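> just need the structure, nothing else, for what follows:
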Amino acid sequence: MSGLTREGTKKHPEKVIQFGEGNFLRAFVDYMIDVANEKGVFDGSVVIVKPIEYGNLKMFHDQDCLYTLSHRGKMNGEVIEDYRVITSVSRAIDCYNEYDAFIECAKNPELRFVVSNTTEAGIVYDETDKFEYTPAHTYPGKLTQLLYARFKAFAGDTSKGLFIIPCELIEGNGHELEKCVYKQADNWNLGEDFKKWLTDACSFASTLVDRIVTGYPRDNAPEIWEKIGYQDNLLDTCEPFALWVIETKKSADGSFPLAKEFPLDKAGLPVIFTDNEKPYHERKLRILNGAHTSMVLGAFLAGKDIVRECMDDPEIKAFMDKCLFDEIIPTLTLPKDELMSFAASVTERFQNPFIKHALLAISLNSVSKWRARVLPSVTAYVKNEGKLPKCLTFSFAALICFYQGQEIRDGALIGIRDGQEYKIIDDAAVMEFCKENTAAYKSGAIDTKTYVTNFACKENFWGMDLTTIPGFVDAVAADIQQVEKIGMKAAISEIIK
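Here you go, the predicted model:
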């Protein structure tokens with residue numbers, strides 16, 4: 001295939017096993033390894049292992065595991081669109097149809113790293129999984145099979161342990177995966193010597209990953225093929241921004257052994273090695289995700305459909321800025337210049353001209369999202385300032401307004417915006433509660449304050465009784481009455497004054 005060739009590229013030893021062939025890992029991990037190889041700070045290639053039964057790897061085999069990655073978006077005030085052929089993947093294995101080849105990887109003396117992205121549901125212990133399955137059903141089961149095969153192949157040599165670096169989007173992903181592997185080892189009676197080898201020779205890192213990957217550009221792939229001069233069926237697209245925070249063990253001298261062997265940061269890549277990723281996790285959750293959740297529900301009811309439209313609206317953008325700079329950042333613990341820089345990057349990312357990020361997609365499961373992403377900023381602000389954060393409090397009113405629906409159909413609560421239906425998707429218990437509470441409010445059976453109180457006191461929704469926050473219910477009720485009186489768009493304009 002013209003334009004995709006390994007001619008003139010260096011062959012690197014297979015040092016990385018990657019569970020997952022999806023767009024994210026290819027635009028994140030494989031890209032970074034490719035750059036590190038090019039800069040001469042790393043010398044390794046990736047073996048992709050398809051961790052699920054359905055699908056196939058034909059396109060990978062057809063293209064010799066080569067593909068093009070495009071960065072598209074805004075960074076430092078400039079619009080970026082570039083293309084890079086990624087050569088870091090050496091081969092791809094289907095562990096269901098090529099189990100022996102998968103296990104054979106464990107015997108490679110140069111193998112050092114395992115990375116994965118098997119979705120949030122991938123890191124799970126299943127006591128019914130069997131060692132005899134080829135392969136085990138779960139990702140932790142497959143990983144345990146690989147590690148045990150390596151333990152046996154090298155007779156427990158502690159110098160042949162592996163660094164395991166999961167990228168699944170769950171907090172403490174490394175710790176959770178490690179617990180699953182130890183449970184699996186116990187369940188399968190793999191022996192104390194194997195568990196001791198896991199402890200002495202292997203290291204599980206917890207990570208925070210951050211990059212919006214839009215994947216294969218279905219709308220304009222032929223246009224891009226014309227631009228790059230060849231057809232690429234594995235074409236992948238992502239934003240320029242990236243961040244990889246890796247929490248790993250320190251040695252006695254205070255250095256990170258993983259960073260010495262996997263020095264992606266030395267290639268100028270946005271990789272941070274630390275012994276505590278929690279402040280970075282909190283920063284992303286509260287600033288990036290908090291900005292999304294506090295803004296999108298009100299913005300949708302104000303007539304917007306995608307994030308970029310919100311950034312083009314002066315009043316909605318001003319609302320988000322007030323949430324970020326006046327009410328969220330003052331409650332965080334990292335240095336202020338780091339927080340301000342990250343917040344500025346968030347704004348640029350939301351302005352990406354190549355991404356149509358639908359507000360309704362972001363709205364999924366907004367009750368649990370508001371609890372995790374916004375509520376901690378509300379409670380911290382109240383504690384620090386002795387008053388309510390005006391815009392974040394308004395975001396709770398916007399949530400209640402967005403969740404107004406009196407019919408559940410096809411697994412969704414049905415809301416109405418400007419006479420048109422939209423789908424509100426959340427847990428069944430949330431939707432049922434909203435349906436009943438909305439019906440009582442719309443019929444006049446309860447007043448606005450009772451309506452808000454019914455929401456706020458649901459401790460199983462919020463993890464606490466929000467009516468205990470001084471003035472919260474009254475402020476939210478007043479915000480809802482203002483929305484009903486003048487409309488969401490005008491209410492947002494008023495709240496930012």
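
> name the residue closest to the centre of this protein, please.
Centroid check for the chain by C-alpha atoms, centre = their mean gives residue 169 as the closest residue, at 4.7 Å.

> and residue 269, its phi and psi?
The phi/psi pair for residue 269 (degrees, to the nearest 10) reads phi -90, psi 150.

> roughly how far does the closest residue to residue 324 other than its chain neighbours sit from residue 321?
Computed as C-beta to C-beta, 6 or more residues apart in numbering, the closest residue to residue 324 that is not its neighbour in sequence is residue 343, at 5.0 Å. Quick note: C-beta positions are derived from backbone N, CA and C, even for glycine. Going from residue 343 to residue 321 by C-beta to C-beta, to the nearest Å gives 9 Å.

> what's the local residue count around residue 419?
When neighbours are defined as other C-beta atoms under 10 Å, residue 419 has 5 of them.

> also the one 3 residues further on?
By other C-beta under 10 Å, the residues close to residue 422 number 19.

> wait, what's in contact with it?
300, 360, 414-416 (C-beta atoms under 8 Å, 6 or more residues apart in numbering).

> same thing but at 6 Å, please
Residues near residue 422 by C-beta atoms under 6 Å, 6 or more residues apart in numbering: residue 415.

> which residues does it form a beta bridge with?
residue 415 (DSSP bridges).

> where's residue 237, which helix or strand?
Element membership for residue 237, per DSSP states H and E: strand 236-238.

> correction: residue 209
Using DSSP H and E, residue 209 sits within strand 206-210.

> model confidence over that strand, on average?
Strand 206-210 shows a mean pLDDT of 96.

> that strand pairs with which strands, and in what direction?
Counting by DSSP bridges, strand 206-210 is paired with strand 243-247 (antiparallel).

> next secondary structure after the partner strand?
Following strand 243-247 toward the C-terminus (DSSP H and E): helix 257-261.

> which of the residues in that following helix are buried?
Judged by neighbour count using 16 or more other C-beta atoms under 10 Å, the buried positions of helix 257-261 are 258-259.

> can you show me the CA trace of it as PDB?
Extracted in PDB, the C-alpha atoms of helix 257-261 (Å, rounded to 0.1, in the frame of the first residue of the first chain):
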ATOM      1  CA  PRO A 257      12.500   2.200  38.100                       C
ATOM      2  CA  LEU A 258       9.700   2.300  35.600                       C
ATOM      3  CA  ALA A 259      10.700   5.800  34.400                       C
ATOM      4  CA  LYS A 260      14.300   4.500  33.800                       C
ATOM      5  CA  GLU A 261      13.100   1.700  31.600                       C
END
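
> report the mean per-residue pLDDT for that helix.
97.

> who has more neighbours, residue 343 and residue 321?
Neighbours were tallied for residue 343 and for residue 321 using other C-beta under 10 Å; the higher tally belongs to residue 343 (20 against 16).

> right, and that one touches residue 290 too?
No: with contact defined as C-beta atoms under 6 Å, residue 343 does not reach residue 290; the gap is 10.3 Å.
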